[in-house]
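Q: sequence first, then the predicted structure, then my questions.
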Amino acid sequence: MDAILDLFDNFWVSLGGKLLLVALMIPLIGMVIGFAEMKLSAKMQYRVGPYFAGGRWGWAQLIADGVKFFQKEDIIPTDADRPVFKAAPILVLVGTVALFVVIPFGPGLIFNDLDVGIFYALAISSLSTIGVLMAGWSSANKYSLMGGLRAAGQLIAYELPLVLAVVGSVILAGTMSMQGIVQAQIDAGYPYIVFQLVGFVIFMIAALAELTRIPFDMPIAESELVMGYVTEYSGFRFLFFFLAEFANMFTMSAIAVTLFLGGYWLPGVPQDVLEWAGPFILMGKVFLLVFAMIWFRWTFPRFREDQLQSLAWKILVPIAILNIIVTATLKVVF
Amino acid sequence: MTTLDADTVRHLSEAQVSVELQTEDMTLNIGPQHPSTHGVLRLVARVNGEQAYDVKPVIGYMHRGYEKLSEVRTYPQITTIVNRIDWVSGYANEVPFIVAAEKLMEIEVPERAQYIRLILTEMARISSHLVFNASYPLELGAATPLFFALRERERILDLLESVTGGRFHPNFNRIGGVKPAYGSGSTTRKQVQDLPAGFLAETRNAMDQVAIAVDELENLVAGNEIILARTKGIGILPPEVAAAYGVSGPNLRASGVPFDLRKTQDYLPYDKFDFDVITGENGDCWDRWYVRLAEIRESAKLVQQAIDSIPSGPLQAKVPKVIKVPKGETYVRAENPKGEMGYYLVSDGGSGPYRLKIRSASFSNISMLPWILEGALVPDIIAIMGSLDFVLGDVDR
């Protein structure tokens, strides 16, 4: 046993182990959230949802879907910019994978506790939008192009409130390290949502926009742009986008939980219990937020592109800046 | 190579920039295969970014030649054809055609049959409007109202099926009345010409349920800020323009014109009942949605009144074995769910029409698409097009 643990002291072995873990986690989380979405949306709409696959509650539906995607023909449009077309889904997924690096699952349970953790997370989360833009551009399809451009506009509009919303928590914690922020909340004895409710709400709205989910799903907008930037994608490339969407829901929620809801910590739970219960507490909180996202998805219609821009620039950004000023002032005063 | 002074360089670089910024318009084909064109409508639009100009609807992908086909069919056969024109409200299409034939043959239709026609027509209207009220939020991205409304529509389709045998294409009208059905709970082969047992009571209950569901749907959709932001003030259709393009039905009423053929024409005994003509104020997408929602309530009221006062009697007038319509011509117009539906029937005395001109509502309703879509954003194109509630079968025939 010790020999195996010693093996993990080797940089490459531990890197390989971590990569393998993430590579297993993303499809797993994607499937759990995807299945939750299917079942929850069915509940909201007087439907049964997946029922037959797997024999009970259709639990194997997402596995069956995954297998189906791999069997599909990999179609690349004749006029497509082939290298870019192929690279786009990978880039989208890479952005998601890289986000897992800084999510603290428990005390000491983090792939890499960077000093600039939250900064890294925000920077990496923009990466997938470049992938979306590439997908839209390279598909040689007008609907894809419009979807890609809409995604670019959305990124620029919502990156700012997302970053500004985070600043409040960072000011309170005095650190950008993800573990540090959780530790600061444990030391303070309350999750930051108590004083950062505004920041939390803005963060969630901006995160929904980053995820291009309803009510901000203009880059996909089935009724307008067919399927937006994924119109021309099929088979496993489509699966990459699909997985990235669900895994991104998880990572965005996990970041929100870390910043505002106390991460893996629950008030009253002793430190030694947190050691093993941390990941479960985090998952519980994350799935609460994921549930809210699914709930919004099946309740709201989508905005129009210009309405989204005015919401971002005229409402979210000023409120976020005000929130920073108030937080900073209070921090200095008290 | 000559050297350039600073000014010239600046001018040249500016010229370069303006050349680069000169953007080309893109021609965008929306449809015929597109999720929101309700079938096979094709729009050719010149788009500048998200803004569309010169939108041209291209129709005809759904043309089935019904007008010509009906010239080689007998009158009883034609009801099967005409209820495929606007398939969302199949039953309502049959009535004006049958009334036109009866008018030429001078047949007095029994009152009970007329009441049954009225009840089923209004039920078809409710189901058609429910489809619209369900699918319109879907085009704005909200999927859940669809299921709320389709659940109610299922109730109505089940009732329609129980009496006519068909959910979409009832083919229930006969010249001189309605189809003889096994009725009064009779299980024998002896034909008792009446509605199935309990149909009227069940329908009355279903109408109560529909009224509740409509309130629920209104609560779900009308309370949503995003829906209001997406539809209020979008796609405004002034009454003059609507009249000039021959727009009819709820689309016209949403613009504030109280034009309802049920009040002015006598193809069915609507004058015996009390119902309101719903009109909108602004003629925007929201009004078009809301007018249809309110019309469901009026139709449900109509059905309940008709059930309360339905007379007893035969379902069928005495008609000759072989139906031949005397020489002549007539035009019957009716208020269908989509708008004014008219049949111009010319008979030369044979067993089929010499010519049948069908005036369908959707064709006229979408003829003003180029006007109303000029300069609209792509998301608004979908919102406006959806709010006009057209069916491609009704456009092309």
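A: Looks like it came in fine.
Q: quick one, grab the pLDDT at the residue in chain A positioned nearest to chain B.
A: Closest residue of chain A to chain B, Cβ to the nearest Cβ: A:R302 (3.4 Å). Bear in mind the C-beta positions are built from the backbone N, C-alpha and C, glycine included. pLDDT for A:R302: 84.
Q: next one: the one 3 residues further on
A: For A:E305, the pLDDT comes out at 80.
Q: any idea how far it is from B:S127?
A: 34 Å (Cβ to Cβ, to the nearest Å).
Q: who has more neighbours, the two?
A: Neighbour totals were compared for A:E305 and B:S127, and B:S127 leads with 30 against 23 (other Cβ atoms under 10 Å in any protein chain shown).
Q: tell me the contacts of that one?
A: Listed by Cβ atoms under 8 Å, 6 or more residues apart in numbering or on different chains, the contact partners of B:S127 are B:88-89, B:153, B:156-157, B:160.
Q: let's see that with 10 Å instead.
A: Residues in contact with B:S127 (Cβ atoms under 10 Å, 6 or more residues apart in numbering or on different chains) are B:88-92, B:149-150, B:152-157, B:159-160, B:167-168, B:210, B:296, B:299, B:337.
Q: again with B:R204
A: Contact analysis of B:R204 by Cβ under 10 Å, 6+ apart lists B:300, B:303-304, B:307-308.
Q: need the max-distance pair from the residues you listed.
A: B:A300 and B:D308 (12.9 Å; Cβ to Cβ).
Q: quick one: which of those two has more around it?
A: Legend: neighbour count by other Cβ under 10 Å for B:A300 and B:D308, higher for B:A300 (25 against 10).
Q: so that one touches B:N205, yeah?
A: No - taking contacts as Cβ atoms under 10 Å, B:A300 lies outside contact range of B:N205: 11.2 Å.
Q: what helix or strand is the spatially most central residue of chain A on?
A: Centre of chain A computed as the mean C-alpha position; nearest residue by Cα atoms, centre = their mean is A:N248, 2.7 Å away. Element membership for A:N248 (DSSP states H and E) is helix A:235-260.
Q: how about that helix, which residues are buried there?
A: Using 16 or more other Cβ atoms under 10 Å in any protein chain shown as the test for burial, helix A:235-260 gives A:236-260.
Q: all helices of the stretch 251-397 of chain B, in order?
A: B:261-264, B:285-308, B:361-366, B:369-372, B:378-387, B:392-396 (DSSP state H, counting those that start in this stretch).
Q: could you give the angle of the fifth one to helix B:285-308?
A: Which is helix B:378-387. Inter-element angle recorded for helix B:378-387 and helix B:285-308: 20 degrees (by axes from the mean of the first three to the mean of the last three Cα atoms, to 10 degrees).
Q: please name the residues that touch the closest residue to A:I29 other than its chain neighbours.
A: Leaving aside its sequence neighbours, A:I29 sits nearest to A:F250 (Cβ to Cβ, 6 or more residues apart in numbering or on different chains; 4.8 Å). Going by Cβ under 10 Å, 6+ apart, A:F250 touches A:25-26, A:29-30, A:32-33, A:96, A:99-100, A:103, A:283, A:286-287, A:289-290.
Q: what residues does chain A put near chain B?
A: A:41-42, A:44-47, A:142-143, A:145-146, A:149-150, A:153, A:214-218, A:220-227, A:297-307, A:311 (Cβ under 10 Å from any Cβ of the partner chain).
Q: quick check on those residues: which are buried?
A: A:41-42, A:44-45, A:142-143, A:145-146, A:149-150, A:153, A:214-218, A:220-227, A:297-305, A:307, A:311.
Q: end to end, how far does stretch B:355-370 reach?
A: 31 Å (Cα to Cα, to the nearest Å).
Q: and stretch A:268-280, how far out from the chain middle?
A: Offset of stretch A:268-280 from its chain centre (Cα atoms, centre = their mean, to the nearest Å): 24 Å.
Q: and the direction of the helix or strand A:I171 falls within versus that of helix B:378-387, what angle?
A: Here A:I171 sits within helix A:142-173, counting by DSSP H and E. In terms of direction (the same axes, to 10 degrees), helix A:142-173 departs from helix B:378-387 by 120 degrees.
Q: residues of helix A:142-173 that come out buried?
A: A:142-155, A:157-173.
Q: show me the contact partners of stretch A:78-92.
A: A:74, A:76-77, A:94, A:127-141, A:144, A:148, A:229-230, A:232-233, A:236-245, A:248.
Q: try 6 Å
A: A:76, A:128, A:131, A:134-135, A:138-140, A:237, A:240-241, A:244 (Cβ atoms under 6 Å, 6 or more residues apart in numbering or on different chains).
Q: so which bits of it are buried?
A: Going by 16+ other Cβ under 10 Å, stretch A:78-92 has these buried residues: A:80-81, A:84-85, A:87-89, A:91-92.
Q: now do the SS call for B:S248.
A: When classified by DSSP: H, G, I helix; E, B strand; the rest coil, B:S248 comes out as coil.
Q: right, and it touches B:G339 too?
A: Yes - here B:S248 lies in contact with B:G339, judged by Cβ atoms under 6 Å, at a distance of 3.6 Å.
Q: who touches both of the two?
A: B:A361.
Q: follow-up on the earlier one: by pLDDT, give me the weakest of the contacts of stretch A:78-92.
A: Lowest pLDDT among the contacts of stretch A:78-92: A:S128, 78.
Q: the closest residue to it other than its chain neighbours and A:L160: what is the separation?
A: Excluding its sequence neighbours, the residue lying closest to A:S128 (Cβ to Cβ, 6+ apart) is A:G95, at 3.6 Å. Distance, A:G95 to A:L160, using Cβ to Cβ: 18 Å.
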